[in-house]
Each structure stands twice: as C-alpha cells, then as structure tokens.
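Enquirer: Coordinates for the following, if possible.
(2 chains)
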Amino acid sequence: MLSIKDLHARVEETTILKGLDLDIKPGEVHAIMGPNGAGKSTLGYVLSGREGYEVESGSVSLEGKDLLDMEVEERAQAGLFLAFQYPVEIPGVSNMEFMKESVNAMREARGEDALSSAEFLKKAKEACKQVELPLDFLKRGVNEGFSGGEKKRNEIMQMIMLEPKLAILDESDSGLDVDALQVVAKGVNSQRDGKRSFIVVTHYQRLLDYIEPDYVHILSNGKIVKSGGPELAKEVEKSGYAWLKEGEVA
Amino acid sequence: MSQWLAQVIERAGNVDDWLASARSKALAELKEKEWPGRRTEAWRYTSLHKVADLNLATTSEATTAEAPQVEGLNSIDLVFVDGRLTSDMTNLVLPDGVTIASLDTKNDAAENLFGQVKPQHHLFGLVNDVLAQHGVVIDIAPNANVEQPIRIVNFASDGVESHQRSLVRVGEGAKAVIIEHGAGNGHSLNTAFAEYDIADKAALEHYRLALHEGEAIHVGGSHFRLHNESKLNSTLVGYGSQLTRLDVDIEHAGEHAFAKFNNIYLLAPKEHFDLHSTIEHAQPNGTTEENARGIIGDKAKAVFNGRIHIHRHAQKTLAELNNRNLLLTRGAQINTKPELEIYADDVQCAHGATVAEIDEEALYYMLTRGIDKQQALVMLNFGFVQELLFQMPNRALANWLQPILKQRFERMMEQQ
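Expert: Numbering: from 1, shown residues only, chains lettered A, B, ... in the order given. Below is the predicted model:
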C-alpha cells in the first residue's frame, strides 16, 4: 500500500525527517509514537504535500505510484487522507458544500459519477450519525465554532465519507475526553475492512486501547528507532520515552 | 450646476400634491446645493459626470413586470415599475396589524415620516423628496408580530428616469420583515429612498438588494431611526452597475437599541459601487455591529465609507465596524474609509478595513480533501462574502441569493 524509503525532509532550514523507512500493507494499522518534536506531524504534512515541507531525498509510493510527484489534491484523489491535528476553520464555506465538492472530486478521480444531492445527503446523514454529530452541523461553516472534540469527530466523518485507501490520523486523540475518544475510535474501527490501511500518530498509548494497531513504531529525531507489536505501546506507557538514547531524542 | 439638476428643479415646480409643504422645503434646500465635484467629500471617489447631463424619459410606457419569484419566501409584493406602483393594492391580503397605503393619498403615518428620518444633506434624497410622486407607506401596528415578509420591488426600465419612496413605521413592540429589492440593467436612472421609524421595543429585519446591472444608474438610501430597546437587523447586497450609490443612516435615538448591519458587494468588471453608512449614537447604551465585505472584479471600483459618530451623551456605547475587501485583479480598486468620531469617554469601539488575501491554511486543507485548486479558490473567495449570507435570518432569501451571487462570482473569476 505505502512504501517510504529513506525519507529526508525539511522545513525551511531545519531537517526534520532523517531517513525514515516504513512499509504498510493493505489492511494494516501502524501506530507511530514518539516524543514531542520527533517529526510525527511533519510526516503527515510531507506525505500530504504541504507547502513549505521540502523532501530532500528518499521516495514514497502509494500503490506503486510516486506520491511525491503529485500535487496535494492528486494525492488525496489517489486515496491518501490526513486527519488534521488542528482542523482548519473556514467560516464562509458550509460543511455541506465542502463535503459534496470533496466527495465528488474523489468519485470523479475514481471514474465514478457524481452523487446527486439526495444521495449525498443520505450518505452524509449516516456519517454524521456514526460520529455523533448533529445534522444541522452540515449547514454550518467548516469547523466554525466547533469544540475541539467536534473538530476531531468531523475529521473522522470526512474520512468515512471519502473512503480513502490510506488514512493518516494525526493526534486524533489530543484534547479528547474518554467519551469523545471512543466515538473517534469507533468511527475509525468501522472503516477497518481488511483493505484500508491506517497510520495512527499519537503521543499516548491511550488511543491504542481502542484502535488496536498491528505494528507500533517509535519515531525519534526523524527516524524510526524501534518497531514492534502492540506491546511496544504499553512499554512506552510504562517507561515513557526516557529510555531513548541520547542523540535519538530531538 | 448640472443641466440635469436644473431640469429636476424645473420639473419639481409641476409636482402638486398633499405633500406640497414638505416638498417645497426640500426644493428650497436643493436649490442651495452645489453640484458635487471631486472636492465634495461625500462624492470624492464617485464621479457624477454621467448624471450631470443626463436626459432620459421621465415617463414610462412599461406597465407591468413580474417580480422575481423567491422560492419559499411567500412575501407580500409591492411592485414598482419606473417609480409607479403596478400591484393591485385592493387585492392584497394582509396579515393582522399591517396597513399598506399608496403615497398618492394623504396619510398620517406618511406625514410623520416623509423627510423626517432621512438626513437632509443627501443630494439625491432631496431630488427624491421633490420628484417621487409614488411610493408606499407601511404601518405595522403596536405589538403586531408580522412574520410574512413585505417586499418592495423597484424595476428600472431602459431609457427611463424614475423616483420611488418608501415609508415604514414599526409600532411599539411590533416585529416586521421588509425587503427592498431593486433591479434593472438598461440605461436608466432610478432613485429609491426609504425611511424607517422603529418604535420602542420593536424589531425590524431588513434587506436591501441593489441588484442593478449594466448601464443602470441607481442612487438610493435606507434610513433608520431606532427608539428605546428597538432592534434592527439589516443586510444590504449590492452589485455595481454603471453607477450604484447607496447611503444608509442609522440613528440611535433611544437607549439600549441594537443595530446589526451587514453588507455584501460583488462587483463585475468595470462596475462602480459606492456605499456610505453613518451610524449616529445619540443616546447611551446603544450597540452597533457593522460588517461590510466586498469582492471587486477587474477595472471595477468600490467605495466604502463607514462613519460611526458617538455623541457626548452616548455613554456605554458598543460599536464595531469592519470592512474587508478582496481584489480579484490589479486593476480592481477599493477606496475604504472607516471613521470613528467619539465624544463620549465610556465606550467600546473598534473599526478596521483590510484588503484580504487568501488563507493559505484553508486552501491547503481543501486541497487535502481532493478539491481542485481552482475550485478551492472559488469556494474560499466566495466564502468570504457567503459568511455574511449565512447570517441572514431569512433562509429562503439567503438560499435564493446564494446561487445567483455564486454564478456572478464565477463569471467574475472567468473574466479575469
């Protein structure tokens, strides 16, 4: 599904990713943990193609296609989804038109017909229900005046609507109470169908109690320093990141 | 002196009706007025040279026109074509507490309103005073809660000069929704002025749609007087046309009055739009929230002048005025001037004007959802004014305007 080889990337003059390797097969859930400043969010931005995040060397392919050669929207159309740590507010654009435009852009890229308004609304209602967002939120501006928890649930609702091949969840647990966390986790788990892959980026093990990963990787100072099964997350929970050798900590 | 204004003064002499005394007073003032030039502050960025020698027909052959239907609005429509009322007033089914009369016949409400709310310094307001023979007088009885919108439609036909007047009284504790809807794209001059008196504890939801296009010249005003604890929620939506100039005055004449005034202007290439608003806080404890947003196309010119005047006595006033503009090309122009004049010492005021730029983070967010860049820019730019459409309490009107404004905007983007 996704293959990252020796990825180096920088923001302005600072190199943040320093030789990252990662291989994800269809249906797998990979958790990426690590201390603040390790490059966790940078990975999501680099993969999505955010301006200002420059790839110095290495390669990334999604289903065999060169991801780094695509524009931001082409990556999304190819099946990459990034759930933002801090979703953006767009007051003058309603959730409804935003999602409709987005869903139909994806469908067009897949060679499918655009959804009619009625079909779209039906799908949107179901997705809203799944993440426990009230329906009238569709009429409001994108993320406008949403609480932190509502914003995170909105990201998951978008993921459900867009049906990506690979979803990166960037700290989708930060700032959530246990109830909201469970709603988010339930939304994610409903999308695990054995084909769709996930990268779950998180600082804490807590989220992984609800979204059980196949693999856990520890990112430190721009590369993966340790990989293992779910038990690795528990280890981190117990002993923190202090065990990381000097020099591996950013 | 312009040839046109000389003609106006001459024609005014022929108007003889029950408003004669008010008209003659206005005529006297009009005769004292100088024709505005570059040095006239109120007309500094809007040249009147296209009006100075205008010579259009002053009578019209047009008789009827269909008001544009707004789905779900279910309004009481009063349709004026070239200044003349064409709706059959005898057939109107009015909700309880609403009286609607023509300006042609003597009317107490009209007598108390005509020229009483509108400041006398507006040149074209005076022209309207002396020439507008037709109009409508709407009287909302105290405590009447009128949900059905009343819409005043003003059509301007090609080749005609016309003048129309609206007078509205919202009684104590009453609620009403009034829409002033102007349209026309032929070479015309239309003035339409409206005066509103909003009594104690009354609430008015108001819309002015100045949808004149092409060669139309439209000069008009909406003027409000707010009494104790009254509320005004007004939205103005304007195109540019050859020349569109609107003056809005809101006077806080009572305490604890609240005024929200949003305006949106969307200028196609080469259009000209000028909005002057003046908020007078004459009494304490008043609140004003004014938000103006404009998108200006190539070689189009917008003028925004927003003045808030807080009198010495008007303590505890809260007033905010914000004007934001998006220029689509280097050839687009905005002259914006928010003015705060504060003579009271215990007030909270803020004002600002900006020329907007695209929010890069919002753009990135949209791109990560697979939306093409061009489309994302259209949505973001339009979202800039759409935000104010979302705030319109009347959803039917907002839903009708949304695709119309969006199509206009998409054409503006194509014409870049």
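Enquirer: Setting aside sequence neighbours, what's the nearest residue to the residue in chain A that chain B sits nearest to?
Expert: Of all residues in chain A, residue A:92 sits closest to chain B, at 2.7 Å by Cβ to the nearest Cβ. Yep, even glycine has a C-beta here, placed from its N, CA and C like the rest. Sequence neighbours aside, residue B:383 is the residue nearest to residue A:92 in space, at 2.7 Å (criterion: Cβ to Cβ, 6 or more residues apart in numbering or on different chains).
Enquirer: Give me the secondary structure label for the residue nearest to residue B:44 when sequence neighbours are not counted.
Expert: Nearest in space to residue B:44, with sequence neighbours left out and distances taken as Cβ to Cβ, 6+ apart, is residue B:38 at 6.5 Å. Assigned by DSSP: H, G, I helix; E, B strand; the rest coil, the conformation of residue B:38 is coil.
Enquirer: Could you do residue B:340 as well?
Expert: strand.
Enquirer: cool, and residue A:161?
Expert: From three-state DSSP, the assignment for residue A:161 is helix.
Enquirer: quick revisit: quick one: neighbours of the residue nearest to residue B:44, just the number.
Expert: Counted with other Cβ atoms under 10 Å in any protein chain shown, the neighbours of residue B:38 add up to 9.
Enquirer: Is residue A:234 inside a helix or a strand, and which specific one?
Expert: According to DSSP states H and E, residue A:234 maps onto helix A:230-239.
Enquirer: Give the rounded mean pLDDT of that helix.
Expert: What helix A:230-239 shows for mean pLDDT is 85.
Enquirer: And it, what does it pack against?
Expert: Contacts defined by 3 or more Cβ pairs under 8 Å, 6 or more residues apart in numbering or on different chains; DSSP states H and E place helix A:230-239 against strand A:29-33, strand A:215-220.
Enquirer: Next to chain B, which bits of chain A? Give me the list.
Expert: Within chain A, the positions near chain B by Cβ under 8 Å from any Cβ of the partner chain are A:48-51, A:71-73, A:75-77, A:81-82, A:84, A:87-94, A:97-98, A:101-102, A:105-106, A:109, A:140-142, A:158, A:162.
Enquirer: Which members of those are classed as buried?
Expert: A:48-50, A:72-73, A:75-77, A:81-82, A:84, A:87-94, A:97-98, A:101-102, A:105-106, A:140-142, A:158, A:162 (16 or more other Cβ atoms under 10 Å in any protein chain shown).
Enquirer: out of those residues, which are inside strands?
Expert: Judged by DSSP state E, those include A:81-82, A:90-94, A:141-142 as members of strands.
Enquirer: just those now: which is nearest residue B:287?
Expert: Within those, proximity to residue B:287 (Cβ to Cβ) peaks at residue A:91, which comes in at 21.7 Å.
Enquirer: just to revisit the earlier point, so the residue of chain A closest to chain B sits right up against residue B:386, yeah?
Expert: Yes: Residue A:92 lies in contact with residue B:386 (Cβ atoms under 8 Å); the separation is 4.4 Å.
Enquirer: Name the residues of the helix or strand in which residue B:387 is found that are buried.
Expert: Counting by DSSP H and E, the element that carries residue B:387 is helix B:373-390. By neighbour count with 16+ other Cβ under 10 Å, helix B:373-390 contains the buried residues B:376, B:378-390.
Enquirer: Now the two most distant members of those.
Expert: Every pair of these checked by Cβ to Cβ; the farthest is B:376 and B:388, at 20.3 Å.
Enquirer: on that earlier part again, next, format the ones in strands among the buried ones among the residues of chain A next to chain B as JSON lines and append pLDDT and distance to residue B:174.
Expert: Below are these laid out as JSON lines (pLDDT from 0 to 100; distance: Cβ to Cβ, whole Å):
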{"residue": "A:81", "pLDDT": "97", "distance to residue B:174": "53"}
{"residue": "A:82", "pLDDT": "97", "distance to residue B:174": "53"}
{"residue": "A:90", "pLDDT": "94", "distance to residue B:174": "38"}
{"residue": "A:91", "pLDDT": "89", "distance to residue B:174": "33"}
{"residue": "A:92", "pLDDT": "91", "distance to residue B:174": "33"}
{"residue": "A:93", "pLDDT": "95", "distance to residue B:174": "36"}
{"residue": "A:94", "pLDDT": "93", "distance to residue B:174": "33"}
{"residue": "A:141", "pLDDT": "92", "distance to residue B:174": "32"}
{"residue": "A:142", "pLDDT": "95", "distance to residue B:174": "38"}
